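Visitor: structural data only, the sequence is not supplied:
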């Protein structure tokens, strides 16, 4: 299971019931939180996200709509008696803000919060199961994007070979994860008889807030799923540039040039009540585009 | 019009859709915000509170469930182009937290934010229309309660006298505010013919978070409406004391001894899903008690 659940898709001002940016990435048993706008913990309760499973939080930049919900979430984790370490990756100044807020409230967290200040582009986590890298985006203030890559690559079903055996399709997910199959009469069908290695490691790139920036093309090249902001529709390209944001066409151009599989768009300006036209415009340039809608989970394939 | 609208009634952890503490007091054209837990601006949108009408904000203390929504609200006011001065009354340390958050985001507010650090009990605002005083409550950290008193006292309808004239009851509100009435044939019915002065100036006391504290009795004596926290039911008196909170019976005892008109209870612990029993218990001691329910407006009489 590799997927992203949208908890907020709106830009600075909350509007039409849409929440500010927050996304939860699920990679098997791991949950990663990317950005944490105000109300993220309320959205987590609504969409039944298990806070306790989050061990890594990534904050792209220190505009409020991307982090004002963080101190509340961490405080709640403490009140709930969390014991596991929590790793937070963010611009350096966030550490002082959090420490000040904990100090005035006399808050003592019952777990260890590891603060990792983002300093340079490249790998920030690398282990057997997943790797995370950060890269800079061009915004009004220091701003970072993130790519989460799975290390374990699920195997592919060998469609020709599997016909020779009577394996229920409900078992295919376990075959992809490398398990053998035991038949009713006790004989073993070895995994490698019916699967082939998968050369494709899935990946998710989160581009944060950014002006149209062609240096992103290399940075997110060939990812499985790309999230790129589209604060404005295509007719407001000038306003987008003024405010270091992007339009639908610009996001779709990055997707198309970076040769990615699928595009998610979000961070919609509060001036728009209807969102369908965002998808229509982006699809003019890149067909495999979907709107990042609050509460929806997108599989990363 | 003198009333309080509840935007959040829950203690530290959001639960069962209940938001943390925030209340909006309406006094004629003025809106006052008391406390501002995470998500307050979302609740304001839901309950159609006009943010632009708020000129005074009071923060009782720096536990997150009472102020984590403030920086987002103020930021939004700026994004919406507010020009009117905003007055903020709060424990001194909040100023540094806000300034740090504005600095890292490069936020420049288009209006003047006046920060008033709470330092001693007594009047903090006094003008022709209303007065506000603050008083200390006993909590784990520095904590303040507030009393808002109207200065202009509406007159009372003289029930005997008014029978002699043909005045539509829809006009009574204007009579209470001192207006004369002009009949269809152009004659004037003077206000003082049909009304009598009202010796009672209405008042609202917000007791913030507090342990059971009999010094509150004098501080809130005879107010029209008292909000007192009831984090726990009566069987958890010991836990309440440990955590510097109050029970239903304790809040009702303060109300009864202070000879107030009506009691509102809130700040319910997340351990309780059903709230009715809070009201039942408080009414054992003080009959005129209601639950502070999100979205409900209570008239101050």
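Guide: Sure thing, it's come through. Please read all numbers here as calculations on a predicted model, not as lab measurements. Numbers count the residues shown, from 1 in each chain, chains lettered A, B, ... in the order given.
Visitor: so where's chain A shaky on pLDDT?
Guide: A:152, A:199 (pLDDT under 70).
Visitor: return the set of buried residues in the longest helix along it.
Guide: Across chain A, the longest stretch assigned as helix under DSSP state H is helix A:93-104. For helix A:93-104, the neighbour count (16 or more other Cβ atoms under 10 Å in any protein chain shown) marks A:93, A:94, A:97, A:98, A:100, A:101, A:102, A:104 as buried. (C-beta placed from N, C-alpha, C; glycine too.)
Visitor: and of the residues you listed, the nearest to residue A:297?
Guide: Nearest to residue A:297 out of the buried residues of helix A:93-104 is residue A:94 (Cβ to Cβ; 27.4 Å).
Visitor: contacting residues around the closest one?
Guide: When the contact criterion is Cβ atoms under 8 Å, 6 or more residues apart in numbering or on different chains, the partners of residue A:94 are A:59, A:62, A:67, A:70, A:88, A:115, B:104.
Visitor: out of those, give me the one that has the most neighbours.
Guide: Among these, the one with the most neighbours (other Cβ atoms under 10 Å in any protein chain shown) is residue A:67, at 29 neighbours.
Visitor: now that residue: how far from residue A:40?
Guide: 9 Å (Cβ to Cβ, to the nearest Å).
Visitor: got it, and residue A:284?
Guide: Residue A:284 is 32 Å from residue A:40, where distance means Cβ to Cβ.
Visitor: give me the more crowded residue out of those two.
Guide: A count of neighbours by other Cβ under 10 Å puts residue A:40 above the other of residue A:284 and residue A:40, at 28 against 12.
Visitor: spatially nearest residue to the more buried one (excluding sequence neighbours)?
Guide: By the measure of Cβ to Cβ, 6 or more residues apart in numbering or on different chains, the closest residue to residue A:40 outside its immediate chain neighbours is residue A:69, 3.7 Å from it.
Visitor: residues near the one you found, how many?
Guide: Number of residues near residue A:69 (other Cβ under 10 Å) recorded here: 32.
Visitor: can you check residue A:176 too?
Guide: When counting by other Cβ under 10 Å, one arrives at 16 neighbours for residue A:176.
Visitor: what's the answer for residue A:154, then?
Guide: Other residues within reach of residue A:154 by the criterion other Cβ under 10 Å amount to 18.
Visitor: start to end distance for stretch A:6-14?
Guide: The first residue of stretch A:6-14 is 15 Å away from its last residue (Cα to Cα, to the nearest Å).
Visitor: any idea how far that stretch is from the chain center?
Guide: 14 Å (Cα atoms, centre = their mean, to the nearest Å).
Visitor: can you tell me the SS state at residue A:185?
Guide: Following DSSP: H, G, I helix; E, B strand; the rest coil, the label given to residue A:185 is coil.
Visitor: get me the contact residues on the stretch 101-250 of chain A for chain B.
Guide: Within the stretch 101-250 of chain A, the residues that sit near chain B (Cβ under 8 Å from any Cβ of the partner chain) are A:101, A:104, A:105, A:106, A:107, A:140, A:141.
Visitor: any chance of TSV for the residues you listed, columns distance to residue A:52?
Guide: Listed next are those as TSV, based on distance: Cβ to Cβ, whole Å:
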residue	distance to residue A:52
A:101	22
A:104	26
A:105	22
A:106	24
A:107	18
A:140	35
A:141	32
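Visitor: most neighbours, which of those residues?
Guide: Counting neighbours by other Cβ under 10 Å, residue A:101 leads these with 24 neighbours.
Visitor: so what's that one up against?
Guide: Listed by Cβ under 8 Å, 6+ apart, the contact set of residue A:101 reads A:71, A:107, B:62, B:64, B:97.
Visitor: about what we covered before: keep only those of the contacts of residue A:94 that are in helices.
Guide: When DSSP H is applied, the contacts of residue A:94 are split such that A:70, B:104 fall in helices.
Visitor: that older thread, closest one of the residues of the stretch 101-250 of chain A next to chain B to chain B?
Guide: Using Cβ to the nearest Cβ, residue A:104 is the member of those that lies nearest chain B, at 4.3 Å.
Visitor: tell me how far that closest one lies from residue A:72.
Guide: Taken as Cβ to Cβ, the spacing of residue A:104 relative to residue A:72 amounts to 14 Å.
Visitor: swap in residue A:244?
Guide: Residue A:244 sits 27 Å away from residue A:72 when distances are taken as Cβ to Cβ.
Visitor: neighbour-wise, which of these two wins?
Guide: Set side by side, residue A:244 and residue A:72 give different neighbour counts by other Cβ under 10 Å, the larger being at residue A:72 (27 against 18).
Visitor: if I've got this straight, the more buried one is in a helix?
Guide: Yes: when three-state DSSP is applied, residue A:72 is found to be in a helix.
Visitor: what's near enough to touch it?
Guide: When contacts are counted by Cβ under 8 Å, 6+ apart, residue A:72 is found next to A:40, A:41, B:38, B:64, B:65, B:68.
Visitor: adding secondary structure and distance to residue A:53, write the residues you listed out as CSV.
Guide: As requested, the contacts of residue A:72 are arranged in CSV below (DSSP: H, G, I helix; E, B strand; the rest coil; distance: Cβ to Cβ, whole Å):
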residue, secondary structure, distance to residue A:53
A:40, helix, 15
A:41, helix, 14
B:38, coil, 21
B:64, helix, 22
B:65, helix, 23
B:68, coil, 23
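Visitor: and the closest residue to residue A:171 other than its chain neighbours, how far is that from residue B:92?
Guide: Distances taken as Cβ to Cβ, 6+ apart place residue A:181 nearest to residue A:171, at 6.1 Å, with adjacent residues excluded. Between residue A:181 and residue B:92 the computed distance is 68 Å (Cβ to Cβ).
Visitor: which ones are touching the residue nearest to residue A:171?
Guide: With contacts taken as Cβ under 8 Å, 6+ apart, residue A:181 has the following neighbours: A:165, A:167, A:171, A:174, A:175, A:188, A:189, A:191, A:194.
Visitor: among those, which are in helices?
Guide: For the contacts of residue A:181, secondary structure assignment (DSSP H) places A:174, A:175, A:191, A:194 in helices.
Visitor: could you chop chain A up by domain?
Guide: Domain assignment of chain A by automatic domain parsing yields the ranges A:2-152+A:206-299, A:156-196.
Visitor: ends of the last one, what's the gap?
Guide: Domain A:156-196 has its terminal residues 5 Å apart, counting by Cα to Cα.
Visitor: mind listing the helices for chain A?
Guide: According to DSSP H, the helices that chain A contains are A:40-46, A:70-79, A:93-104, A:159-162, A:172-176, A:191-194, A:215-219, A:237-242, A:248-257, A:276-285.
Visitor: now these in TSV, with distance to residue B:147?
Guide: Putting these into TSV (distance: least, Cβ to Cβ, whole Å) gives the following:
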stretch	distance to residue B:147
helix A:40-46	31
helix A:70-79	28
helix A:93-104	24
helix A:159-162	76
helix A:172-176	63
helix A:191-194	73
helix A:215-219	56
helix A:237-242	47
helix A:248-257	53
helix A:276-285	49
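Visitor: wait, which of those helices is closest to residue B:231?
Guide: helix A:70-79 (13.0 Å).
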